[in-house]
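Enquirer: give the three-dimensional model of this entry:
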Amino acid sequence: CLATLIIMLVGDTYTLINYVSFINYLCYGVTIIGLIVLRWKKPKIFRPIKVNLLIPITYLAFWAFLLVFSLYSEPVVCGVGLIIILTGVPVFFLGVYWRNKPKCVNRLIESLTCWGQKLCFVVYPQCGGAEEE
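Expert: Here you go, the predicted structure:
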C-alpha cells in the first residue's frame, strides 16, 4: 500500500495501471499453477468445483505467452511490478514467519489490525478480546 502511494505521487495513473496489471496476471498464473500442483499431488481431497485439467493448462499456455510478451515489451514496468510484490516479503517475515515476537510487537500488530478493520468496515472489530478472557 505504501509503495502504491509513493508510485501515485511520483508517476502517472497509466503507469500504475500497467504495474498492477502485471502483478494481477502474475498472481493469477501462480494460482493456476497451484491448482494443477494440488490436483497432481493431492487428487483425493474434496473440491467443490472440479474442472478438466485441459482448461487450466490452456489458460497457462496463454498466460505464459502474455507474461513473456510483457517482459519483452516492457521490462522496466515488469521489474517495478516484481519489486512491488517483493515489498510484501518483509511483512510476511515480521507478521507470519517470526513466531516468538515480543509482546509489544504483538500488541502493535493487533492494534493495526483493529484500526484497519474499523477503517475499512470489513469485520466487526474485536479489539482486546483475547486479552480480556
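
Enquirer: buried ones in the helix or strand harbouring residue 112, by neighbour count?
Expert: For residue 112, the host element (DSSP states H and E) is helix 103-120. By 16 or more other C-beta atoms under 10 Å, the buried positions in helix 103-120 come out as 110, 114. For glycine as for every other residue, the C-beta is placed from the backbone atoms N, C-alpha and C.

Enquirer: also stretch 13-20?
Expert: 15, 16, 18, 19.

Enquirer: quick one: contacts for the last one?
Expert: Which is residue 19. 7, 77, 80, 81, 84 (C-beta atoms under 8 Å, 6 or more residues apart in numbering).

Enquirer: which helix or which strand is home to it?
Expert: Using DSSP H and E, residue 19 falls in helix 13-41.

Enquirer: continuing past that helix, what's the next helix or strand?
Expert: Counting by DSSP H and E, what follows helix 13-41 is helix 54-73.

Enquirer: send me the helix or strand just after that following helix as PDB with only the CA atoms.
Expert: Later in the chain than helix 54-73, the nearest helix or strand by DSSP H and E is helix 75-86. As requested, the backbone C-alpha atoms of helix 75-86 are provided in PDB (Å, rounded to 0.1, in the frame of the first residue of the first chain):
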ATOM      1  CA  PRO A  75      10.800  -5.000 -18.900                       C
ATOM      2  CA  VAL A  76      11.000  -1.900 -16.600                       C
ATOM      3  CA  VAL A  77       7.300  -2.000 -15.800                       C
ATOM      4  CA  CYS A  78       7.500  -5.700 -15.100                       C
ATOM      5  CA  GLY A  79      10.600  -5.200 -12.900                       C
ATOM      6  CA  VAL A  80       8.800  -2.500 -10.900                       C
ATOM      7  CA  GLY A  81       5.800  -4.800 -10.600                       C
ATOM      8  CA  LEU A  82       8.000  -7.500  -9.200                       C
ATOM      9  CA  ILE A  83       9.600  -5.100  -6.800                       C
ATOM     10  CA  ILE A  84       6.100  -4.100  -5.600                       C
ATOM     11  CA  ILE A  85       5.300  -7.700  -5.000                       C
ATOM     12  CA  LEU A  86       8.600  -8.200  -3.100                       C
END
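
Enquirer: good, we can wrap up now.
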